[in-house]
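3D, please:
(one chain, ligands or ions: 2)
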Amino acid sequence: MSDSLFRPKSVAVIGASSKELHIGNRVIKNLLDFGFKGSIYPVNPKADEIRGIKAYKSIMEVPEKDGIDVVHMVIPAKFVPAAVDDCGKKGVKNIIINSGGFKEIGPKGEAIEKDFLERAKKYGIRIFGPNCQGIINSDPDIRAYCNFTFTKPDPGHISITALSGGVAEVIHQAFSQMGVGTRIYASNGNACDITIPEIVRYLGDDEETRTIVLYVEGLRDAATFLEVAKEVAAKKPVLAMKAGRTEVGAKAASSHTGGLAEVDIATELIFKKAGILSFRDEAELCQAAVAFASQPIPKGNRVGIITNTGGPAVIATDVFGDKGLEIPSLSDRGIETLKEKVFPEAAVGNPTDLLATGLAEHYRTAMDVMMDEETIDSVFINFVTPFFVDTDAIAREIAEVSKQKRKPIVCNLMTDPQQWTETVRILKEGGVPCFGFPGEAARSLAALVRYNDIRSRDIGEVTIYDDVDKARAEAILEKARGREILSATEVYEILAAYKITVADWRMADNAQEAEKAAVEIGFPVVVKADAESIVHKSDMGGVAVNLADGDAVRSAAEEMEKRLNADDLKFFIQKYMPGGKEVIIGAKAEEGLGHLIMFGLGGIYVEVLKDVVFNLTPVTKYEAEEMLSSIKAAPLLKGVRGEKGVYEAGLVETLQRLSQLVTDLPAIQEMDLNPVIAYEDNVFVVDARIAI
Ligand code: ADP
Ligand code: MG
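Ligands and ions are numbered 1, 2, ... in the order given. Okay, here's the model as predicted:
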């Protein structure tokens, strides 16, 4: 995708209209109002001019010899394919199809979409949309408003992209209302050709874009997205939100645009893997973006607080506490400096309360102290505008320190913007991110800190275990082809090939053999029913634990034979593993992405607590360790109240080996190790299932 789309020199509108309320009119109005620097060509067979601009009967008549950079199409879907042909002959580079009536309406529309896309490809035309809003570029040299919406941005450094025009516009409005400029805006609807990853890559290369805001409901080509996002996120902050996280949300998403959402957790995991900062609330996302657009990234999580009123600082402190930020004490030197210069009644320290009567020079002193403190990484300012001090002077000091960009500053500005217009103007012009609630300001600062965390986290390289027998595992899968579920023998042999430690086991065809196997393993043992029809063995009485002798084994097996009556019934005899903690480790294939891998506490509460975490394979040691420590029950693994902890290194290795196993064997659709029993110095899989 070239500059011709985002930096067009000429824009034509096929379907330009004289009617005020028509998109074909609005786009021209928007281009004019926004001060587009290039040429505008309305195309309409009946009109001579539209909004005072000469109109052309057809695109062929437009006097641009070297082709036209952007054509808007605002005509009924059925006319689009032929119009695309005309554009091809004319040498058009990009077409923004605003019209709907394509894939989003069903098979009939989908066929038209396919038709015009083939024609466009033939001519090398790129299609933006269809069923979309378009693009905006606020670059003073371009001023392209190829879009029919209403937010007219000041030039800024935040760029926005989303399939959904509605959300993109909401986000755009939010920045506008916060008085923050934006750079490029791109909402591509059905995205039949130009994709979100392509746009993200372009924004990554656009120097004036400092922060990218992305909204998605699902990812079509997750692997490409991951690759591009990794590359771009390494260059600049990418802030993203994935909607349709809940079942009802996903349903809503799939019913509009060319959307494809289903409940997926993979998207947020992709964000994480790519180093994208993920949000679950659109307002929080926009507020954070404002801080990113003008502030440096903090080096750590320690905040200095300056305030001129008590309560709001307490609210902010709570948010910092929740988000894991610290509010360290100041050095003696810092305290001395403050005491010398601020009012004697002021509370000096962290927070420093300058009192409502605090003067501009007091703010300056406090900010300079915080900037100099080695133990402080960022500054939070609470600024209520009392009528009895020179608030403009205070604003000037804040703006000046903010411009130094030594450490990030956010400001909770408590004022009436209608009365304190100059104060507000000075802060905004100075690039100070101002918010109307202490919590909002604090969360934005916390987002900067979170970004520093994810960018400075080194997940290391994936461990490749070379003691595994991949060929053996592949041979087993090859033999099982056509079946859905592997037998216990197959499953345990695959685990053995990948050196995943399991409790000692034997297979037995009948009760007598079961007894013999138990003797070989050594008592106590467990007897489990194994048959294709039995999935949850214990639910059907197919698991008998802690059998102390041969008699117990035989009668357990005979009893199962009687009750379960499955023709293919066999017995799985296993060493009984008492004590220990049960955990679950699982993997699930994810279309086009490899596998999701899961870790959680097992046992009877797992269904209720749903305390599990996911990641994308392959996982590194660091990521596996992070999985262990991010379940809520993590302290239980470490041991509580004198109880011993479990062998976490063993679980981490099991996760990594499973990750390698499913990566090597993509035919595996689902795999559960449930439970894995973890002891102080080793771990054993006691139940495993593989679906292919
Ligand atoms: P399923 O999940 O099909 O019901 P499992 O093999 O997981 O069957 O057995 C059910 C439960 O029995 C396990 O969650 C575990 O608590 C216990 N269990 C199974 N095998 C053993 C074993 N070898 N040692 C100790 N407990 C076991
Ligand atoms: Mg089980």
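
nearest spatial neighbour of Gly436, skipping sequence neighbours?
Leu413 (7.0 Å; C-beta to C-beta, 6 or more residues apart in numbering). Backbone N, C-alpha and C define where each C-beta goes, glycine included.

Contact partners for the one you found?
By C-beta atoms under 8 Å, 6 or more residues apart in numbering, the residues touching Leu413 are 383, 385, 424, 427, 434-436.

per-residue pLDDT, whichever residue of the stretch 351-500 of the chain sits closest to ligand 1?
For the stretch 351-500 of the chain and ligand 1, the shortest gap (C-beta to the nearest ligand atom) falls at Ala488, measuring 9.6 Å. Note on Ala488: pLDDT of 91.

And it, how close does it get to ligand 2?
Computed as C-beta to the ion, to the nearest Å, the Ala488 to ligand 2 distance reads 12 Å.

which of the residues in stretch 554-563 are buried?
Buried residues in stretch 554-563, counted by 16 or more other C-beta atoms under 10 Å: 554, 556-557, 560-561.

out of those, who's nearest Glu208?
For the buried residues of stretch 554-563, the residue nearest Glu208 by C-beta to C-beta is Met560; the value is 70.8 Å.

Would you agree the closest one falls within a helix?
Yes - according to DSSP: H, G, I helix; E, B strand; the rest coil, Met560 belongs to a helix.

what's next to stretch 133-145, contact-wise?
Under C-beta under 8 Å, 6+ apart, the answer for stretch 133-145 is 5-8, 11, 27, 30-31, 33-38, 70, 72, 96, 98, 128, 146-149, 152-156, 165, 168-169, 181-187, 189, 208.

Write a ChimeraX command that selects only the buried members of these.
Selecting just the buried residues from the contacts of stretch 133-145 in ChimeraX takes one command, with 16+ other C-beta under 10 Å as the test:
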select :5,6,7,8,11,27,30,31,34,36,38,70,72,96,98,128,146,147,148,149,153,156,165,168,169,182,183,184,185,186,187,189
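
Out of the contacts of stretch 133-145, list just those in helices.
The helices, defined by DSSP state H, take in 5-6, 27, 30-31, 33-34, 165, 168-169 from the contacts of stretch 133-145.

farthest-separated two in these?
Maximum distance among these (C-beta to C-beta): 20.7 Å, for Leu5 and Asp33.

The nearest residue to Asp353 once chain neighbours are set aside - how many residues pack around it?
Closest residue in space to Asp353, ignoring its immediate chain neighbours: Ala347 at 4.1 Å, by C-beta to C-beta, 6+ apart. The tally of other residues near Ala347 (other C-beta atoms under 10 Å) stands at 14.

send the alpha carbons of stretch 384-400 over as CSV?
What follows is stretch 384-400, C-alpha atoms only, in CSV (Å, rounded to 0.1, in the frame of the first residue of the first chain):
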residue,chain,number,x,y,z
VAL,A,384,-8.0,22.4,41.2
THR,A,385,-8.2,26.0,39.9
PRO,A,386,-9.0,28.3,42.9
PHE,A,387,-10.1,31.8,42.0
PHE,A,388,-7.6,33.3,44.4
VAL,A,389,-4.3,32.2,42.7
ASP,A,390,-2.9,32.8,39.3
THR,A,391,-3.8,29.5,37.7
ASP,A,392,-2.5,30.5,34.3
ALA,A,393,0.9,30.9,35.9
ILE,A,394,0.6,27.4,37.4
ALA,A,395,-0.4,26.0,34.1
ARG,A,396,2.6,27.6,32.4
GLU,A,397,5.0,26.0,34.9
ILE,A,398,3.3,22.6,34.4
ALA,A,399,3.5,22.9,30.6
GLU,A,400,7.1,24.0,30.8
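
Quick one: residues in contact with it.
308-309, 312, 356-361, 363-364, 367, 381, 383, 409, 411, 413-416, 420, 422-424, 426-427, 429-432.

These in helices, which ones?
Those of those lying in helices (DSSP H): 312, 360-361, 363-364, 367, 422-424, 426-427, 429.

Going through those, which ones are buried?
Buried, going by 16+ other C-beta under 10 Å: 312, 360, 363-364, 367, 423-424, 426-427, out of the ones in helices among the contacts of stretch 384-400.
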